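S.K.: Just the structure for this:
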Amino acid sequence: MKSNQEINEILAAFDATESVRSAAKIAACDPKTVRRYVTARAEGRPVGSPVRRRRVIDVYLEKIEEWVERSEGHIHAERVHQRLIGLGFTGSERTTRRAVAEVKARWLRGERRILRPWNPEPGLWLQFGWSGGPLVPGPQGEARRTVLFSAWLAWSRFRVVIPCRERSLPVLTECLRSTLTLVGGVPNHLLTRAEGLEASRLPAQLDALGAHFGTEMRTCVPYDAQAGEDRPGARAVQSGVRIAVADWLPVTVGLPRALPSFAALRAACADLGEQANRRSGDGGPGGTPYGRLAAERARLRPLPAGRLPAHAVPSGVSRLSGLSGAGVS
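M.R.: As a prediction, the model looks like this:
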């Protein structure tokens with residue numbers, strides 16, 4: 001470590017020559033030393049402070065903090081390393097163990113994650129929601145409003161859109177079963193935005209539905225970084241899982257205001273899902289949503305083969321099938 005006088009002499013030599021090598025000869029030091037101090041000064045960093053090298057695992061630290069927080073400090077470094085590999089980490093297990101030890105030490109000191117949003121990872125959550133659909137002719141030819149069930153796996157961005165004639169618990173059950181069948185398994189969490197409810201609570205029927213699928217059903221809210229929700233001392237309101245805007249389920253579909261039939265609506269939704277899932281920009285790093293879904297399926301659990309809860313399929317509700325254009329009629 002250079003003294004303050006030596007650092008000043010190095011910077012003065014560079015200012016005089018505007019050459020790293022020439023300044024190194026004048027100050028009798030390595031050119032790398034000159035470059036380090038000059039770069040720190042140009043970036044507005046304290047020149048005399050020790051510089052910590054950027055590690056390959058640094059970009060994953062926030063995810064490690066999330067896992068440590070959710071496991072209350074009990075997750076093992078070996079499990080963390082396996083999950084990081086699934087996210088594209090190429091470092092060694094030794095690097096992971098050191099990072100996990102650092103994060104756990106901070107967690108034990110009380111330096112907790114304050115209301116930060118969840119970060120997507122394979123198999124962590126599927127978000128679903130509802131939106132208004134186009135008008136289609138009813139049995140007597142009258143125009144009837146439809147509703148659209150939308151869902152996606154946040155990590156792969158694989159999206160499903162299902163047209164429905166009504167919004168009810170049995171219809172939701174069928175939409176979820178059809179969606180989970182399509183994606184090839186069940187994630188750790190099913191998330192939905194609470195409407196007309198306390199944001200941290202779900203009706204008992206939805207809890208039972210989550211138990212049937214073997215997953216946790218929770219509410220979620222969009223994360224507002226501008227509101228300072230992640231600042232130290234922010235009030236920890238139990239208002240559901242926070243999801244960043246970039247990872248929030250899109251429900252805008254851009255369909256016409258009216259369509260000639262429910263079959264036409266079903267076909268339009270199928271085409272919408274196909275286009276979205278083959279678009280390279282929607283899959284994030286690693287390709288299209290279709291391509292990333294193949295990797296995400298390895299972290300999904302099998303869909304239960306047993307009967308649905310008794311309330312789920314009353315008479316008059318047909319079972320969903322097929323791709324994202326499947327419908328409830």
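S.K.: three-state assignment of Leu209?
M.R.: helix (DSSP: H, G, I helix; E, B strand; the rest coil).
S.K.: count of residues packed around the residue nearest to Val161 when sequence neighbours are not counted?
M.R.: Once flanking residues are discounted, Val161 sits nearest to Cys269: 4.5 Å by CB to CB, 6 or more residues apart in numbering. The way it works is simple: take the backbone N, C-alpha and C, and place the C-beta from them, glycine included. Around Cys269 there are 27 other residues, counting by other CB atoms under 10 Å.
S.K.: Ramachandran angles for the residue in the chain sticking out farthest from the centre?
M.R.: Ranked by distance from the centre of the chain (CA atoms, centre = their mean), the top residue is Ile26, with 52.7 Å. Phi and psi for Ile26, reported as degrees, to the nearest 10, are phi -70, psi -40.
S.K.: can you tell me the helix or strand for the nearest residue to it once chain neighbours are set aside?
M.R.: The shortest distance from Ile26 to any non-neighbouring residue, by CB to CB, 6+ apart, is to Ala13 (4.0 Å). Taking DSSP states H and E as the definition, Ala13 sits inside helix 4-17.
S.K.: Flag every buried residue along the helix or strand that contains Ala151.
M.R.: According to DSSP H and E, Ala151 maps onto strand 143-153. Neighbour counts over strand 143-153 (16 or more other CB atoms under 10 Å) mark 146-153 as buried.
S.K.: do the same with stretch 263-281
M.R.: Neighbour counts over stretch 263-281 (16+ other CB under 10 Å) mark 265-266, 268-270, 272-273, 276-277 as buried.
S.K.: Point out the other helices and strands that the following helix or strand past the strand holding Ala151 packs with.
M.R.: Once strand 143-153 ends, the next helix or strand along the chain (criterion: DSSP H and E) is strand 158-164. Strand 158-164 sits against strand 143-153, helix 169-183, helix 262-277, helix 289-296, with contacts defined as 3 or more CB pairs under 8 Å, 6 or more residues apart in numbering; DSSP states H and E.
S.K.: What angle do strand 143-153 and the third one make with each other?
M.R.: Angle of helix 262-277 versus strand 143-153, following axes from the mean of the first three to the mean of the last three CA atoms, to 10 degrees, is 30 degrees.
S.K.: Ok, the second one next?
M.R.: Computed by the same axes, to 10 degrees, the angle separating helix 169-183 from strand 143-153 equals 40 degrees.
S.K.: and what of the last one?
M.R.: With the same axes, to 10 degrees applied, the angle from helix 289-296 to strand 143-153 works out at 50 degrees.
S.K.: Please identify the helix or strand for Gly129.
M.R.: strand 125-137.
S.K.: got the contact list for the closest residue in space to Ala154 that isn't next to it in sequence?
M.R.: Excluding the flanking residues, the one nearest Ala154 by CB to CB, 6+ apart is Pro120, at 4.2 Å. Contacts for Pro120 (CB atoms under 8 Å, 6 or more residues apart in numbering) come out as 154-155, 247.
S.K.: Next, Thr95: secondary structure please.
M.R.: Thr95 ends up helix, using three-state DSSP.
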